[in-house]
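**Q** kindly return the folded structure for what I paste below:
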Amino acid sequence: MLETFQDHDVDIDGTRIHAAVAGDGPPVLLLHGYPQTHVMWHRIAPRLAERHTVVLADLRGYGDSSRPASDADHASYSKRAMAADQVGLMRHLGFAQFALVGHDRGARVAHRLCLDHADAVSRVALLDIVPTRHVFTHVDRALAQAYYHWFFLAQAPDLPEHLIGADPAYYLRRKLAQWSGGDGTEAFAPEAIEEYVRCFSDPDVVRGSCEDYRAGASIDLEHDEVDAVTGRRVSCPALVLWGAEGFVGQAYDVLAVWRQYAADVRGRALGGGHFLAEERPDDTLAALTDFLDTDLQAG
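**A** Next up is the predicted model:
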């Protein structure tokens, strides 16, 4: 699926980050969501690489990146730690500043990266999320039913790990089908699903992904609250995209929410559900290309 991309495994302060790189031009880093890997970009990354240097990275805990040990406060899986991994990766590849695209959990890492490393990001695209702090401060019955996994995965070890571990392939496929826009797993390339299953079948990936959600319900919120109190927001241009058939677009005024957290926001709904890059690759590519063109013109 990514034959033109070259694999890299980079040690960032003791954590191995796996990435695939291709293309030439202004750099752009793409971060995947749950329960996937960097392969989720396979339908748009080769075409982006015709005009950009494209870096596809696995987050710590996912794919073929390291799965650091858990700790009591979940700091090893905080978005702050994940963001630092990705800044280190891009610096290793020679990029002090880059554009950033994140989907789902990767978009939450991208949000934190923009706050903690503002000088590193020229512009950011955030796919199918509203900020973590906003989600947790606006919980209702609809959210609890749609995002029940946030609360399940955040339970103390090793309850979710044990239950998911009974049949991880079933769990993963069920989540992909549930969050897509009605086509179920038919929206996904079979080769991509097989790659997700390969990685998610590793109990340590299940543990790492649970730790990601435990951090989201604890230390990440502490970091977010400090930003809220101090008034720190994303300062670079931000593009927000969401699926018209997904929960985010139905539950929130997405642009209005993001304008509380970022200074320069534009965006729109696309068709489909949660997995924009796989369900609506042409529309997603067109929106990203238009947004990233500014970096080409500047270069």
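**Q** give me the below-cutoff pLDDT ranges for the stretch 51-200 of the chain.
**A** Applying pLDDT under 70 to the stretch 51-200 of the chain flags no residue at all.
**Q** helices of that one, start to end?
**A** 79-92, 105-116, 132-136, 141-146, 148-153, 159-165, 168-179, 190-200 (DSSP state H, counting those that start in this stretch).
**Q** and the third one, which residues are buried?
**A** Think helix 132-136. Within helix 132-136, the residues that count as buried by 16 or more other C-beta atoms under 10 Å are Thr132, Arg133, Val135, Phe136. Bear in mind the C-beta positions are built from the backbone N, C-alpha and C, glycine included.
**Q** hmm, back to that, reformat the helices of the stretch 51-200 of the chain as JSON lines; add distance to Tyr213.
**A** Putting the helices of the stretch 51-200 of the chain into JSON lines (distance: least, C-beta to C-beta, whole Å) gives the following:
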{"stretch": "helix 79-92", "distance to Tyr213": "11"}
{"stretch": "helix 105-116", "distance to Tyr213": "8"}
{"stretch": "helix 132-136", "distance to Tyr213": "10"}
{"stretch": "helix 141-146", "distance to Tyr213": "15"}
{"stretch": "helix 148-153", "distance to Tyr213": "4"}
{"stretch": "helix 159-165", "distance to Tyr213": "8"}
{"stretch": "helix 168-179", "distance to Tyr213": "13"}
{"stretch": "helix 190-200", "distance to Tyr213": "14"}
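**Q** quick revisit: among the buried residues of helix 132-136, which one lies nearest to Leu89?
**A** Top of the list for closeness to Leu89, among these and by C-beta to C-beta, is Thr132 at 22.4 Å.
**Q** hang on, the closest one packs against Ile219?
**A** No: judged on C-beta atoms under 8 Å, Thr132 makes no contact with Ile219 at a distance of 11.1 Å.
**Q** mutual contacts of the two, please.
**A** The contact sets of Thr132 and Ile219 do not overlap (C-beta atoms under 8 Å, 6 or more residues apart in numbering).
**Q** how close does the most centrally placed residue in the chain sit to Tyr261?
**A** Centroid-nearest residue in the chain, with C-alpha atoms, centre = their mean: Gly106, separated by 1.5 Å. As judged by C-beta to C-beta, to the nearest Å, Gly106 and Tyr261 stand 17 Å apart.
**Q** do the same with Leu31
**A** Using C-beta to C-beta, Leu31 is found at 18 Å from Tyr261.
**Q** who's more crowded, the two?
**A** Leu31 (29 against 22; other C-beta atoms under 10 Å).
**Q** residues contacting the closest residue to the more buried one other than its chain neighbours?
**A** Distances taken as C-beta to C-beta, 6 or more residues apart in numbering place Gly106 nearest to Leu31, at 2.9 Å, with adjacent residues excluded. For Gly106, the contact set (C-beta under 8 Å, 6+ apart) comprises Leu30, Leu31, His32, Gly33, Leu59.
**Q** from Arg67, how far out is Gly106?
**A** 17 Å.
**Q** picking that back up, tell me how far the residue nearest to the centre of the chain lies from Ala83.
**A** Using C-beta to C-beta, one gets 11 Å for the distance from Gly106 to Ala83.
**Q** tally of neighbours for Asp140?
**A** Neighbourhood size, Asp140 [other C-beta under 10 Å]: 8.
**Q** need the contact list for it.
**A** Taking C-beta under 8 Å, 6+ apart, one finds nothing in contact with Asp140.
**Q** go with 10 Å
**A** Shown in contact with Asp140 (C-beta atoms under 10 Å, 6 or more residues apart in numbering): Ala251.
**Q** what separation do you get for it and Ala251?
**A** As judged by C-beta to C-beta, Asp140 and Ala251 stand 9 Å apart.
**Q** ramachandran angles for the nearest residue to Ala49 once chain neighbours are set aside?
**A** Here the nearest residue to Ala49 in space, its sequence neighbours aside, is Gly23; by C-beta to C-beta, 6+ apart that works out to 3.0 Å. Note on Gly23: backbone dihedrals following degrees, to the nearest 10 are phi 90, psi -180.
**Q** surely Gly23 meets Leu2?
**A** No: with contact defined as C-beta atoms under 10 Å, Gly23 does not reach Leu2; the gap is 11.5 Å.
**Q** residues of whichever strand or helix holds Leu30 that come out buried?
**A** Element membership of Leu30 [criterion: DSSP states H and E] is strand 27-31. Neighbour-count burial for strand 27-31 flags Pro27, Val28, Leu29, Leu30, Leu31 (criterion: 16+ other C-beta under 10 Å).
**Q** how far does the helix or strand just after that strand sit from its chain's centre?
**A** Counting by DSSP H and E, the element after strand 27-31 in chain order, helix or strand, is helix 45-48. Here the centre of helix 45-48 is set off from its chain's centre by 18 Å, with C-alpha atoms, centre = their mean, to the nearest Å.
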